[in-house]
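> No letters, just coordinates:
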DNA sequence: ATAAACAAGATCGTATTTATCCTGTTTATA
DNA sequence: TATAAACAGGATAAATACGATCTTGTTTAT
Ligand code: SF4
Ligand code: SF4
């Protein structure tokens, strides 16, 4: 039960962009080198982050990435779920019909609570708080 | 980011044994059929649960599984970590040396907090509370 | 026109997960 | 004590997920 590499890379990428500042253009190559992320792989991850509206990708010579939101409004939860999907822990939490026991299963609720508590921890962490020393 | 099948099966198995009662012998075949777990796979999972001390496996004709602890003292966290290993979410939480940024990385602490909160939710759920209607 | 830089789909290798097979051992009981 | 029920445990296989890269194409500054 662990975060994927892609999730960790996404966080690092957004950390770099947050430190550079909102709206500042940084080339993919720089982000990849500084944050030690395989550049092509970063390309894939960036597309998801861009689709989620957190960054903009600028094509062409002198292209790169640009943070589109304020670090104060960007949470760890949002970034992570943008790349690894919604955190649900157990199938039955998201799709109760996946298990015929779900109507009277008490484990169900524990998963939901654990998931909520977990997600709340990640939601409280903004990139503004993560980049200030 | 989801629990594995094995983890879910382990929970179901212990749920059944808890309902049967501490010390009561139930055959593997019955548990597998009632809880809809592939019987051979359950065999593997049971070995881990037995190694953790939660159940005893009785060989021979009329053999089976037997709950060795009181459902009040058995938590969801213990059962799950017995089969899927300790929950740590991100490598650097368990092994800070896996990332040279860890000394001054603030994301680090968020992961640790989220993990603690998550594990605490699972620790609070005992099988006694899960099996009483 | 050229070269820098990103897009996007295909692909590949590896690790993990899930499940089963097979041979052997244990044990109740007939 | 022979037999069959029942679990052990190693090997193996299939499916899936993950991490990463390749290739071709498009965009854009100069
Ligand atoms: S048994 Fe309960 S926890 Fe497990 S999948 Fe079904 S509803 Fe969910
Ligand atoms: S950058 Fe921070 S959160 Fe990511 S692996 Fe390194 S120490 Fe952990």
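Okay, I see it. Note that the structure is predicted; figures quoted are calculated from it, not measured. Ligands and ions are numbered 1, 2, ... in the order given.

> what's the longest helix in chain A?
Ranked by residue count, the top helix of chain A under DSSP state H comes out as helix A:107-124.

> Enumerate the residues of chain A near ligand 2.
Chain A has residues A:8, A:12 near ligand 2, with proximity defined as Cβ under 6 Å from any ligand atom. For glycine as for every other residue, the C-beta is placed from the backbone atoms N, C-alpha and C.

> In chain A, what helix or strand scores lowest on average pLDDT?
Ranked by mean pLDDT, DSSP states H and E, the weakest helix or strand in chain A is helix A:91-94, scoring a mean of 87.

> what packs against that helix?
Helix A:91-94 sits against helix A:107-124, with contacts defined as 3 or more Cβ pairs under 8 Å, 6 or more residues apart in numbering or on different chains; DSSP states H and E.

> Contacts for the helix it packs on, please.
Here helix A:107-124 makes contact (Cβ atoms under 8 Å, 6 or more residues apart in numbering or on different chains) with A:75-78, A:80, A:87-90, A:92-93, A:96, A:102, B:3, B:11, B:15, B:76, B:110, B:113-114, B:117-118, B:120-122, B:125, B:130.

> Buried ones among the residues you listed?
Burial by neighbour count, 16 or more other Cβ atoms under 10 Å in any protein chain shown: within the contacts of helix A:107-124 this picks out A:75-78, A:80, A:87-90, A:92-93, B:3, B:11, B:15, B:76, B:110, B:114, B:117-118, B:121-122, B:125, B:130.

> ok, for the residue located most distally from the centre of chain A, nearest residue in space, not its chain neighbours?
Most distant residue from the mean C-alpha position of chain A: residue A:104, 33.7 Å away (Cα atoms, centre = their mean). Leaving aside its chain neighbours, residue A:104 sits nearest to residue B:133 (7.9 Å; criterion: Cβ to Cβ, 6 or more residues apart in numbering or on different chains).

> thinking again about what came up before, so which of the buried ones among the contacts of helix A:107-124 reach ligand 1?
Among those, the ones lying near ligand 1 by Cβ under 6 Å from any ligand atom are A:90, A:92.

> Show the pLDDT at residue A:95.
Residue A:95 is assigned 85 on the pLDDT scale.

> where does it sit relative to ligand 2, distance-wise?
Note on residue A:95: its distance to ligand 2, by Cβ to the nearest ligand atom, to the nearest Å, is 31 Å.

> Kindly report the same for residue A:113.
Distance of residue A:113 to ligand 2, computed by Cβ to the nearest ligand atom: 25 Å.

> Show the model's pLDDT score for that residue.
Among the per-residue scores, residue A:113 holds a pLDDT of 92.

> Please report the distance of it from residue B:33.
To residue B:33, residue A:113 is 30 Å away according to Cβ to Cβ, to the nearest Å.

> Next: residue A:81.
Residue A:81 is 38 Å from residue B:33, by Cβ to Cβ.

> okay, these two: which has more neighbours?
residue A:81 (19 against 11; other Cβ atoms under 10 Å in any protein chain shown).

> give me every residue that touches the more buried one.
By Cβ under 8 Å, 6+ apart, the contact set of residue A:81 is residue A:87.

> host element of the residue of chain A found nearest DNA strand D?
Across chain A, the shortest distance to DNA strand D (Cβ to the nearest atom of the strand) belongs to residue A:60, at 1.9 Å. Counting by DSSP states H and E, there is no helix or strand that carries residue A:60.

> For it, the count of nearby residues, please.
Residue A:60 has 6 neighbours, counted by other Cβ under 10 Å.

> per-residue confidence at residue A:133?
Residue A:133 carries a pLDDT value of 78.

> State the distance from it to residue B:105.
In this view, residue A:133 and residue B:105 are 11 Å apart by Cβ to Cβ.

> who's more crowded, the two?
Between residue A:133 and residue B:105, counted using other Cβ under 10 Å, the more crowded position is residue B:105 (18 against 4).

> can I assume the more buried one is in contact with residue B:96?
No: using Cβ atoms under 8 Å, residue B:105 is not in contact with residue B:96; the gap is 9.1 Å.

> Got the confidence number for residue A:83?
pLDDT, residue A:83: 96.

> Now do residue A:119: how many residues are near it, please.
22.
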